[in-house]
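J.: Prediction below, plus the sequence it came from.
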Amino acid sequence: MKYKWGLVFSILLFLVILPLSLKVNFFQNDDWYYYEAVQNVYDGNFKLHEDMGPTLYLQIIFGFMFSLLFGLSKLPVLTLLFSVGSFYVFYLILKKHFFKSHLLSILGALVFFVNPLYVYGIFGFMTE
């Protein structure tokens, strides 16, 4: 596998941050909208809250499927999965187009990943 170092690092990143993500028990910003929307899908109500845009249906469907397996309280783990996935995609972009070195690509993607605004978004529900 050509990009195994980025994948291995992404998995390690996920495993290191997972314990923090499992401890999230608060809503930030408008997270309550999304939790409420996923709960509504459980109840058979597919109508979005009037303040939400129609593009959020996909986010709610992902949240619903994930919460069927792991529960509503574990939705921050889904966000972590997408966040680490974004890290990996950024690593791939850097590796394919900018750097020959796996290490430089990982470090470049880490600059993106440890940005305080990005880190803040990791611990909500699909805030990216």
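T.: Noted; the coordinates are in hand. Because the structure is predicted, anything quoted here is derived from the model rather than measured.

J.: can we go C-alpha only for contacts and neighbour counts from here?
T.: Will do.

J.: other SSEs contacting the helix or strand F112 falls within?
T.: Assigned by DSSP states H and E, F112 belongs to helix 102-113. Under the contact criterion of 3 or more C-alpha pairs under 8 Å, 6 or more residues apart in numbering; DSSP states H and E, helix 102-113 touches helix 4-22, helix 75-97.

J.: Which of the residues in the following helix or strand past it are classified as buried?
T.: Once the chain leaves helix 102-113, the next helix or strand it forms, by DSSP H and E, is helix 116-122. Using 16 or more other C-alpha atoms under 10 Å as the test for burial, helix 116-122 gives G121, I122.

J.: quick one: G63 and V38 touch, right?
T.: Yes - if you go by C-alpha atoms under 8 Å, G63 and V38 touch, sitting 6.4 Å apart.

J.: ok, how many other residues are close to the closest residue in space to L7 that isn't next to it in sequence?
T.: Ranked by C-alpha to C-alpha, 6 or more residues apart in numbering and with sequence neighbours excluded, the top spatial neighbour of L7 is Y88, at 6.6 Å. Y88 sits with 24 neighbouring residues when counted by other C-alpha atoms under 10 Å.
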